[in-house]
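Student: Generate a structure from the sequence data that follows.
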Amino acid sequence: QVQLVESGGGLVQAGGSLRLSCAASGRTFRSNAMGWFRQNPGKEREFVAAVSWSGGNTYYADSVKGRFTISRDNAKNTMYLQMNSLKPEDTAVYYCTWSRVVVTTARGVEYWGQGTQVTVSS
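Tutor: Predicted coordinates:
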């Protein structure tokens, strides 16, 4: 089992920045990939970003490329999502994910965090 706990969400004005963190515990010694998805009410969860075990490979949705940066610190079992130039359409619940390989669809995710709300006001 892997437990994931997100933090860092909140309310920010358009153009502002937030940094999300995800602390992993449990069976984390295996090489894995981590990522972020987001969801709004009535919509499916959508892929935001993913990072490989080494941190050397990163993947982004087109909607966040150039604005968001994903990273990880394996010594701390923690992953981050730096979100800059935030837009109202970035408003969503953001979920941390853990999988054995990089996944960009919700179906492929093995473990989910509880989610953290990000609200961007215009």
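Student: Any regions of the protein where pLDDT drops low?
Tutor: 28-29 (pLDDT under 70).
Student: Work out which residue lies at the spatial centre of it.
Tutor: Trp36 (2.4 Å; CA atoms, centre = their mean).
Student: what about that residue, helix or strand, and which?
Tutor: Using DSSP states H and E, Trp36 falls within strand 33-39.
Student: Direction included, what does that strand pair against?
Tutor: Paired strands of strand 33-39, with direction, are strand 46-51 (antiparallel), strand 92-99 (antiparallel) (DSSP bridges).
Student: the helices in this protein, which residues?
Tutor: Using DSSP state H, the chain contains no helices.
Student: Which stretches in the chain count as strands?
Tutor: When assigned using DSSP state E, the strands of the chain occupy the ranges 2-7, 10-13, 18-26, 33-39, 46-51, 58-60, 68-73, 78-83, 92-99, 111-112, 116-121.
Student: Which one of those strands lies nearest to Thr105?
Tutor: strand 46-51 (6.7 Å; CB to CB). In this view, the C-beta of every residue, glycine as well, is placed from N, C-alpha and C.
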